[in-house]
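**Q** Need coordinates for the following:
(chains A and B)
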Protein chains: 2
Amino acid sequence: MIDTLPLQKMSPKEGDTGGEVDMTPAKAELEEKAKAAKAASRRMAYLSAEIKNKALHNISADILAKQKEILAANQLDYKEAQASGMNAAMLDRLMLDTSRLQAIASDVLAVAALPDPVGEVFEMRTLPNGLLLGKKRVPLGVIGAIYESRPNVTIDISALCLKSGNAIILRGGREAVHSNGALAKVVQDAATRAGVPDGAVQFIENTDRKLVDDMLQMRHYIDLIIPRGGAGLIKLVRDNATMPVIGAGVSVSHTYVDRSADIAKAVAIAFNAKVQRPSVCNALDTILVHADIAPKYLPLMAAELAKAGVEMHCDKRAMAILKSNSALKLKAATDEDWGKEFLALVAAVRVVASLDEALEHIERYGSGADEAIITEDYSAAMRFLNEVDAACVYANASTRFTDGGQFGLGAEVGISTQKFHARGPLGVRELTSYKWIIFGSGQVRP
Amino acid sequence: MIDTLPLQKMSPKEGDTGGEVDMTPAKAELEEKAKAAKAASRRMAYLSAEIKNKALHNISADILAKQKEILAANQLDYKEAQASGMNAAMLDRLMLDTSRLQAIASDVLAVAALPDPVGEVFEMRTLPNGLLLGKKRVPLGVIGAIYESRPNVTIDISALCLKSGNAIILRGGREAVHSNGALAKVVQDAATRAGVPDGAVQFIENTDRKLVDDMLQMRHYIDLIIPRGGAGLIKLVRDNATMPVIGAGVSVSHTYVDRSADIAKAVAIAFNAKVQRPSVCNALDTILVHADIAPKYLPLMAAELAKAGVEMHCDKRAMAILKSNSALKLKAATDEDWGKEFLALVAAVRVVASLDEALEHIERYGSGADEAIITEDYSAAMRFLNEVDAACVYANASTRFTDGGQFGLGAEVGISTQKFHARGPLGVRELTSYKWIIFGSGQVRP
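**A** Modelled structure (predicted):
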């Protein structure tokens, strides 16, 4: 799951920017780390699955064995955050406890249990001239991860990178720097003990914003940058990175209730998509409802959502249907409500005249992330699945399933919001590339 | 095959830059074209294979039917280039004649004969909760191609983009602007006649360098930029593009002759790799020879290369073996010769003590493009194939095979020199992405 916090810690005005004079040693240290990661990545590329899995098992065990140190570090972060006035939702994201550490440790084992993506050979064929050629999967090299808030991301990303044979440079947010540092140390020690080359896991303690700029210039050492966080972070990285980027985060999710929807399913799915965890990217933002079913569906839906405290921003037709129920939290929708990611217990509601109008709305306002249709009409479902251009297109299920763990990828480095290279949840395969391997017997080109 | 010309036409000092006042309409026109391409791309995404293949057959037929107009346009370019003092090799690249048009027309049919990559469904599986999910291949959207010199690139790129359901914006070099314009018109007319949406193929006539900068800012309309040409063009695009880039061109190719090589094969392969077409990216740059076989191999190799006029830049040990033969064109190698792309009848030659030394040399000086080992030693071949990190790694074959046509991809948009998304020859599949499709029956996330 993606952190979608605003880019509070990335503002150039904030923090301990020491001025250009002090920056030089910090940049030099970063460059040393990046260089060490690059060197390690060459050996990581053909590390055995056995060593990689041993490292993951070690990490999982050490998270539990060293929970005192980890929780103590987390307490430092938590108290600083509390003192600085961080809100309850963000404090909750930051907080670790035994049960959360157990869940994190167990996720690492799920990654260990995945097949090793590296070395997979595919599209192999013999050409008429006798050349045997195909593709072999290889790691990308060095992954730079820039992320915010939740400390478990340190472990998730490390585990997926190790499994896929990539070296990693971790740069978390300042608010979690002690927790991230403690977790990164667990990863480093556990990996080294298993035989992973030194230098494969680098952690940047210095959370100076200027170092992010420096990092984005290091294309000779870093093969891919993954910014995982709010729109500000992703834009900053896209605009300034000199290496490939996969942006992860920010999505506007629509659920369209078709005229033929099963109303009970449609209520349950929209409720789940909105309420189960409203602060994340795959939570529902807008409900589109076919006009034929709206008079029946909307009152039931709205009553459920109201129980969870959801505020509804309704277009005129939805308002006309709902306004008689004074128990609902209703507002007239404005233009800003369409295409808005709420990250809160708010949903925009619009009545549409047809599937076509729903498709047009999604094309216009969607962010290409998670979109769902609820329908019992086979052809409507197939049209929606075919025509909606988004990372994850659902028929009759909650968009909350967009998640590496839910999709069977073990975990995720993030959820890609772009179309190039990888789309949706990023698992180990998405952290790889390939090389062509060609077996000849003396062939020359005529 | 990649054009590897220097970036003569891209210099900001050259050309008819009309100043900022005149630029506004040109940029506005470009933006209109980009917008039209984006609109067309939405319909291209679910165009039937039948229509796409009909368009390709039309293009192939029209290239032959309209050869008078095409050749007349090409003559305009040719005469202007001649008058401007273009060298013979570049004039030859520019020149079209009936036999070249026939070859181009026939390549288009090869693309038509490929399976349609769009709509392919893969990694489909049912999760324990009953969700049926997998990936469906989709076009990237709008491809911007910035290329140099050879007019056939206009057709190759158009054909591959149409086949893969992408809209395309073509921006060729000024030296071929009449030829490219005539060919783009053939593509546009032929595609429209087949039922391809208007606007799917855009051609930029204005070769002002400033428009390239403008194009690189249009990430809302252009999903991928492919610079195909020399190092200067690729760097310019990488440094300034706001959308994903696949750089195509520039490679340093090594052929390593192992101690156990079959000498006849090793001579034939190195000769072919160097001489068959020296001006292209997959031509051999450096020969590495194991010390044990060098005294036997190098004299034979050098005598063959000398017949073709190849100049050899030798390290000390190679020089010691070869210097007695006065028929050879020898020079002492300097540090600049290692890792240099010659694009000419020049080869660097170095004697190494071991396979390890060869691997180290390639890791240090290679550009990750095409690398070959010539050996009869099974384990040496397998080590080389495993350990060399390059787009195309060969055992016992000429690096000249790195080519979309030769690899069975029909043609190529270029040869990627990067690791992210696609590596080596770019065919239709490399111009696609995927979306996750999820078939549910009411599932909500617990």
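
**Q** Is it correct that residue A:351 is in contact with residue A:293?
**A** No. Under the criterion of C-beta atoms under 8 Å, residue A:351 is not in contact with residue A:293, lying 9.5 Å apart. Bear in mind the C-beta positions are built from the backbone N, C-alpha and C, glycine included.

**Q** of the two, who's got more company?
**A** A count of neighbours by other C-beta atoms under 10 Å in any protein chain shown puts residue A:351 above the other of residue A:351 and residue A:293, at 25 against 19.

**Q** how close does the more buried one get to residue A:337?
**A** Separation of residue A:351 from residue A:337 (C-beta to C-beta, to the nearest Å): 14 Å.

**Q** and the nearest residue to residue A:118 once chain neighbours are set aside, how many neighbours does it have?
**A** Counting by C-beta to C-beta, 6 or more residues apart in numbering or on different chains, residue A:118 lies nearest to residue A:165, which is 4.5 Å off, once chain neighbours are set aside. Neighbour count of residue A:165, defined by other C-beta under 10 Å: 28.

**Q** so residue A:165 sits in a strand?
**A** No. In this structure, residue A:165 is coil, not part of a strand, as judged by DSSP: H, G, I helix; E, B strand; the rest coil.

**Q** got the contact list for it?
**A** Contact partners of residue A:165, counting by C-beta atoms under 8 Å, 6 or more residues apart in numbering or on different chains, are A:44, A:45, A:46, A:47, A:52, A:118, A:138, A:139, A:432.

**Q** Surely residue A:143 is within a strand?
**A** Yes. The assignment for residue A:143 (three-state DSSP) places it in a strand.

**Q** Just give the number of residues close to it.
**A** Based on other C-beta under 10 Å, the number of other residues close to residue A:143 is 26.

**Q** Same check on the one 3 residues further on?
**A** Other residues within reach of residue A:146 by the criterion other C-beta under 10 Å amount to 25.

**Q** what's near enough to touch it?
**A** Taking C-beta under 8 Å, 6+ apart as the criterion, residue A:146 is in contact with A:171, A:212, A:215, A:225, A:226, A:227, A:228, A:229, A:233, A:237.

**Q** residues contacting the residue in the stretch 251-400 of chain A positioned nearest to chain B?
**A** When distances are taken as C-beta to the nearest C-beta, the stretch 251-400 of chain A approaches chain B most closely through residue A:397, which lies 2.8 Å from it. Remark: with contacts taken as C-beta under 8 Å, 6+ apart, residue A:397 is in contact with A:269, A:372, B:131, B:438, B:439, B:440, B:441, B:442, B:443, B:444.

**Q** by contact count, what packs against whichever helix or strand the fifth one is part of?
**A** Pointing back at residue B:439 there. Of the helices and strands defined by DSSP states H and E, residue B:439 is found in strand B:432-443. In terms of contacts (3 or more C-beta pairs under 8 Å, 6 or more residues apart in numbering or on different chains; DSSP states H and E), strand B:432-443 is packed against helix A:263-275, helix A:378-387, strand A:392-397, strand B:132-139.

**Q** Tell me where the stretch 101-250 of chain A has strands.
**A** Across the stretch 101-250 of chain A, reading from the start of the chain, the strands by DSSP state E, counting those that start in this stretch fall at A:121-126, A:132-139, A:142-147, A:167-171, A:201-203, A:224-228.

**Q** among those strands, which is nearest residue A:63?
**A** With C-beta to C-beta as the measure, strand A:201-203 is the member of those nearest residue A:63 (14.3 Å).

**Q** contacts for that closest one?
**A** So strand A:201-203 is in contact with A:33-34, A:36-37, A:154, A:158, A:161-162, A:167-170, A:180-181, A:184-185, A:187-188, A:191, going by C-beta under 8 Å, 6+ apart.

**Q** contacting residues around stretch A:181-195?
**A** Outside stretch A:181-195, the residues that touch it by C-beta under 8 Å, 6+ apart are A:47, A:51-52, A:54-55, A:57-59, A:61-63, A:66, A:69-70, A:72-74, A:151, A:154-155, A:158, A:162, A:170, A:198, A:200-201, A:203, A:205.

**Q** ah, wrong one, I meant stretch A:342-349
**A** Taking C-beta under 8 Å, 6+ apart as the criterion, the residues outside stretch A:342-349 that touch it are A:4, A:270, A:274-275, A:278-280, A:283-287, A:289, A:298, A:302, A:305, A:308-315, A:318, A:322, A:333, A:337-338, A:340.
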